[in-house]
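[1] here is my input; please provide its structure:
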Amino acid sequence: MLKEIFYVPFYSKTRDILILKSIDVIKSGKRVVYVLPSREAMFDVRDKFITYNGGITDTDIFGFEDLEKQICGDFIKDYTLISSYEIREILRNILHKICDNSYYEKVKGKAGFVKSVLSFIKVIKRKMINPNELKSIADSIDRPTFKDKLKNLAYFYESYEEYKIKRKLIDVDDISIKAVELFQNTNYFNNVGLIIVDGFINIDYVNMKLIGEMAKSNRYDIYINIPFKNEFNESFIRNGIIKDLCELGFNVNNDIYEMIEVNHDVKKVATYIYSGETVLNGEDLSIKIMNSPSIEHEVRETARLIKRKIVFDKINPDRIAVFIKNIDDYRTQIIDIFDEMNIPVKINRGIKLSTMPITNDIYNLISYKLNHDYESFVNIMTSKFLVPYEISKRSREIIDLLSGIDRDKDNFEDEFVTAMKDDKSLNATFEFLKRYVDVFINFREVPYKDTKEFVESVLKVIDLLEIDFNIKALFDMGIIRSSDFISNVKALETIKQILNKELEIKKQYGEPSIDDIENFQNDILDMLSNFDVSIRNLDFEGVRIISPDLARGQMYDVVFILGVNEGVLPSTKSINPIFDFSDEEHLEKHGIYMLSRKWEFEREKVRFNACIASAMKEVYVSYRTTDEDGCNMIKSPFIDDLQNLFDEKSKERLIAPIVYMKDRFAFECDAASKDEALLYMIDSKWNKRQDDANTIYSNILENDLYLTKSYSYINFSASIEKKRRVNCETNNYMGIISKDANLKELSDIHLSASSLNSYVVCPFKFFIETLLNLHMSDEFIESKKSIGSLYHEVLMKYYKDNLDLYDVNEDRLEEIIDESFEKITGIENDIIFDKIKQEFYNVVFQLVKDDISNRLYYYNKTGAELIPSIFEKKFEMQDHYGGNIFHGKIDRIDLERNIDGKFTGKYVIYDYKSGGIDGIRQCIEGLDFQLPTYYMAVENILKEEFNIEYPKCLGLLYYSIEKVKRNGIVLALYKKDLFKGNSGPRDVVGENNFNVIIDWIEKKGIENIDKIKTGIFNLPDECPFENSSFNCAYKSICRYDKYAMERGENSVV
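    Numbers count the residues shown, from 1 in each chain. Here you go, the predicted structure:
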């Protein structure tokens, strides 16, 4: 009988050929077993069977797991199959008992460690290595720490297996192993004529052993289809699955098969990626590389393209696939945007249980009982689900009362009850409120001796609160929609099921104790995170949203691959944190692959190739430039492999220019939905001041009352805003000096980075202090300024002529501080004076110590030294900011000195701040000009005064003296030299973009200077003191009103 491997290039028709062979076998009266790695591949094969044969008969199409269950059917009946949650509980208790005095004693109770041990045991079992064999491997290792690790893990593994045997338990991996052992006894294969294993990139050891058992029979043919051949990336497959199969007696079929007809360009990409060759040229290729600054932008641009394909190219949505590695991060945006554009999409529409407010409320109940914390109590009392609407509608009054009590007292609930009783507005509901407060207090005070009793008390109070009745009442009153009603009822039932499940697991497999409460919280959070609440069934038709791992030979007309970023695709993180690189290498020598970083990277290369090769007509590949927190993201190396295929001319057309965060809301005329049309109208009327939106969208406006009404509001408000800008009287009213006023005085304003910062924060305050020369003294602020000046003075004196570069010269520092404090007057009490001085010394000492550590780190990394060289440097410049004269003083400049003692031209600028410090974002947003201005000045200072011909800035940094922290603008290339580990600014600048950013900031500065010199001193849209703990000194003469500003009713001049 035949045992053949079809290792063929992408786009080969081997799957179709094998299905036709299967049909011939079925017609001969035999059965076919067709094994596949994913549901998508199974759907594809079933569709082909239906197309070729009119239906599916005498054929099992499934994965290895289902095949194993068929073989082990009788065996499974005699055992209890345990879930991963139950395995975790069993392992936790085993580790708790046997980890004392072991290598892992300190982490034995940690959830992450239990998870890692579970993962390790799973890999070892699927390698069919028993505990004794693992001990033998450990004994053969000569690295003491690694040997100790493996011996401990072997002991955990042995204890786990013994526990299961005693209680007649099995896990899914036991079924895989047992399938190999019981293969010769099964009658499942009696009438099988053909076995096909199709679409696997790799097959783990236990499944390979099962194939080996099947290969011993002469009753049927076995074909293995591996349609992933790329001659430029073969090592992973050839050295893995093919090598293993050949050792089992399989032969590689080298026949050339008919190819699927696909777009020439797409086929070339799938064939030549990773080759490094330039194989594509032309202006209209069928592959595009896009980028986005956010998930929303990436999904919206993808949806717009898909809509065009469906509407104009008449492509069936089922023939479009979107591959995404981390689908959960994209799910909400995909559902919202695709629904907005009326694009059918096949995606799980469930809401993550852990993200629902009702889940958070019940978790607050648990936290309140465990921690007796004020925040949880506030959330409970104001929850619309835990308490009746009669109480939750008073949430504002309840919060006000709670904010007035001492949250640190043990009896804050009693104080709250007293405050309620004294509040006349709550008289009518006092008794009702108190009853619920008593319920929560009683719930918290009920003692429990272990986790079992704790869970029982939580379930009891959930029933007592009648939460389902509260949800129904909210729906009856129209406060929540029907969909919210259904989802919250389902969520409540799911939470109760999870708690009952956890209770059952504790009873069955755990040994509950009070010490186990932290693990209980982690378990509950884990379970809540793994459940979805669905109010709508999965659509079976529509655009496919698929993980790259599921690209296993099925074909689509158009393919999108999103989120192709370093760390995502490929993901190079170690799967098991117990082992480091060296450990992984030693394990691989013994044939144990712990899904190591290198192994996973090679597998990801094949997956990415397979995603591209899923396309027949077009491929769109997209990466993100920033994550959802605004931090830089690096494009995947696979993008570079892709770009290398294009000639330079093609790259210009096929690689989209970078989309910056500020451009993510740029809208085009060809709106793909009504919402986009509305956004374009807003953009046209407000940002671009165009009046053509009503003409462009007249057809939509005519047919949609909602859009017409919305546009009328936009048009009206935009016309008012326009009047503010062009009407002289309105300008005066809003804080713009009349054109009749004498503006000569404005041209003589003393400009500096600080004055620009002051203007952008509040033009009115700037006007008062700069033009009217009025200053209101604030004792606290003046005190802070005085301390700040003292810090600057002491640090300058300490660093100047200091020869102790890498040790704190405590005597020198103490002497300088004593000298500086002699000038301080007004503190009569010597004890207080000495205390202030000592605190001052401690702060400066810590800063100097941190600075030395940073410079020593730089020296160890680069071999060069950063020397504090220039201090309190005053400057005047006129070659920036449109020729305006700028003044300033730079606190400190560190110059790099090489091993020969010569300055290299590299430098770092420091500006000391007493407290909190900002970063690059404030500079880019035009809110902070200080560091960029210093950079402009320093370049000239170093050239003219220090004869440094080519200065090279490494970073512009604020140094917080009291917080001992640095932040600012750092070049990406030098961050790893200036900052240890993951410390330092999260946002860094590429060398090519540095001057672009400085020019952008200078441009923003020029705009503000022009406003100052033309007399524009509007009140800010948001007062900087609105939510501040400090009061504005000019509040009594300021006309700012938060609500009036929205109506345009404030004036200042």
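[2] what's the distance between residue 149 and residue 180?
    In this structure, residue 149 and residue 180 are 28 Å apart, going by C-beta to C-beta, to the nearest Å. Quick note: C-beta positions are derived from backbone N, CA and C, even for glycine.
[3] ditto for residue 295
    On the measure of C-beta to C-beta, residue 295 and residue 180 end up 44 Å apart.
[4] residue 765 too?
    Remark: distance between residue 765 and residue 180 (C-beta to C-beta) = 79 Å.
[5] now do residue 291
    48 Å.
[6] what's the answer for residue 863, then?
    From residue 863 to residue 180 the distance is 57 Å (C-beta to C-beta).
[7] domain assignment for this structure?
    Here the domain parsing of the chain from automatic domain parsing is 3-73+179-260, 80-167, 268-347+543-663, 353-533, 674-726, 732-776+1014-1047, 779-1012.
[8] count of residues packed around residue 518?
    12 (other C-beta atoms under 10 Å).
[9] which non-adjacent residue is nearest it?
    residue 109 (7.7 Å; C-beta to C-beta, 6 or more residues apart in numbering).
[10] quick check: the one you found is in a strand.
    No. Counting by DSSP: H, G, I helix; E, B strand; the rest coil, one finds residue 109 to be coil, located in no strand.
[11] that one is in contact with residue 97, isn't it?
    No. Using C-beta atoms under 8 Å, residue 109 is not in contact with residue 97, being 11.4 Å away.
[12] between those two, tell me which one has more neighbours.
    Ranked by neighbour count (other C-beta under 10 Å), residue 109 and residue 97 place residue 109 first, with 16 against 11.
[13] how about the longest helix that the chain contains, which residues are buried there?
    Looking across the chain with DSSP state H, the single longest helix is helix 830-862. For helix 830-862, the neighbour count (16 or more other C-beta atoms under 10 Å) marks 837, 840-841, 843-844, 847-848, 851, 854-855, 857-859, 862 as buried.
[14] okay, those in CSV with pLDDT and distance to residue 671 next?
    Converted to CSV, the buried residues of helix 830-862 look like this (pLDDT from 0 to 100; distance: C-beta to C-beta, whole Å):
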residue, pLDDT, distance to residue 671
837, 85, 67
840, 88, 61
841, 90, 64
843, 90, 57
844, 91, 59
847, 92, 55
848, 92, 59
851, 93, 55
854, 92, 52
855, 92, 55
857, 90, 53
858, 91, 52
859, 90, 57
862, 89, 53
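[15] in those residues, find the pair that's most separated.
    837 and 862 (37.4 Å; C-beta to C-beta).
[16] what helix or strand is residue 875 located in?
    strand 865-877 (DSSP states H and E).
[17] strand partners of the next helix or strand after that strand, parallel vs antiparallel please.
    Using DSSP H and E, the next helix or strand after strand 865-877 towards the C-terminus is strand 886-897. Taking DSSP bridges as the criterion, strand 886-897 forms sheet pairs with strand 751-752 (parallel), strand 865-877 (antiparallel), strand 903-913 (antiparallel).
[18] and those strands: which comes nearest residue 278?
    strand 903-913 (36.9 Å).
[19] that closest one to helix 830-862, inter-axis angle?
    Using axes from the mean of the first three to the mean of the last three C-alpha atoms, to 10 degrees, the inter-axis angle of strand 903-913 relative to helix 830-862 is 150 degrees.
[20] and strand 903-913, C-alpha only, in PDB?
    Provided in PDB are the C-alpha atoms of strand 903-913 (Å, rounded to 0.1, in the frame of the first residue of the first chain):
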ATOM      1  CA  PHE A 903      35.000  65.400  23.200                       C
ATOM      2  CA  THR A 904      33.300  63.500  20.400                       C
ATOM      3  CA  GLY A 905      30.500  66.000  19.700                       C
ATOM      4  CA  LYS A 906      27.800  63.900  21.200                       C
ATOM      5  CA  TYR A 907      25.800  65.500  24.000                       C
ATOM      6  CA  VAL A 908      22.800  65.400  26.300                       C
ATOM      7  CA  ILE A 909      20.800  68.500  27.500                       C
ATOM      8  CA  TYR A 910      19.300  68.400  31.000                       C
ATOM      9  CA  ASP A 911      16.700  70.800  32.400                       C
ATOM     10  CA  TYR A 912      16.100  70.300  36.100                       C
ATOM     11  CA  LYS A 913      12.500  70.300  37.400                       C
END
